[in-house]
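[1] Got a predicted structure here, sequence first:
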Amino acid sequence: MKKFVLFVLLLSCTLLPLNASVYKGQKYFKKKCLSCHGKALVFVTEKSYEEWTKYLDVNGDVIYDLHKNNKEAASSMKYFNSEKYRKSIGHFRDFFLEYANDTGNIPACE
């Protein structure tokens, strides 16, 4: 019985950061991307899981390059050149992949 309780406790502790990451991705989207890309629900569901996987590579270089080469995103480059962007790309990835259009998931709050 002790082993079972320990297993459940460890499992719950490891799953908590996964949920927090999706939540942080949504929070960062609202803070950094909402003004240009509009509502998260609309933007995130424009692409499939596979498409978002291609855009959100490990270092976030594809998204960086898309913004770097877009004149309308010039004001965002300070953020994209910062360490904050590199640290948050995993949260963006978790959020975008969680709510891609072929997952059937819908964010609870916009």
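    Perfect, I can see it now. Numbering: from 1, shown residues only.
[2] Spatially central residue for this structure, please.
    Taking C-alpha atoms, centre = their mean, the centroid of the chain lies closest to Phe92, which sits 1.7 Å from it.
[3] what's the pLDDT at the spatially closest residue to it that is not a sequence neighbour?
    In this structure, Phe92 finds its nearest non-sequential neighbour in Gly25, 4.9 Å apart by C-beta to C-beta, 6 or more residues apart in numbering. Heads up, the C-betas are built off the backbone N, CA and C, glycines and all. pLDDT, Gly25: 91.
[4] quick one: Gly25 from Lys54, how far?
    Here Gly25 is placed at a distance of 17 Å from Lys54 (C-beta to C-beta, to the nearest Å).
[5] Tell me, how many residues neighbour Asp102?
    Neighbour count of Asp102, defined by other C-beta atoms under 10 Å: 12.
[6] Run a quick check on it versus Glu46, I expect a contact.
    No - with contact defined as C-beta atoms under 8 Å, Asp102 does not count as touching Glu46 (11.5 Å).
[7] how about stretch 48-64: buried residues?
    By 16 or more other C-beta atoms under 10 Å, the buried positions in stretch 48-64 come out as 52, 56, 60, 63-64.
[8] biggest separation within those, which pair?
    Longest distance between any two of these is 15.1 Å, between Trp52 and Tyr64; criterion C-beta to C-beta.
[9] residues touching Phe92, list them.
    By C-beta atoms under 8 Å, 6 or more residues apart in numbering, the residues touching Phe92 are 25, 28-29, 56, 60, 63.
[10] again, only this time at 10 Å
    For Phe92, the contact set (C-beta atoms under 10 Å, 6 or more residues apart in numbering) comprises 21, 24-26, 28-29, 32-33, 44, 52, 55-56, 60, 63, 85.
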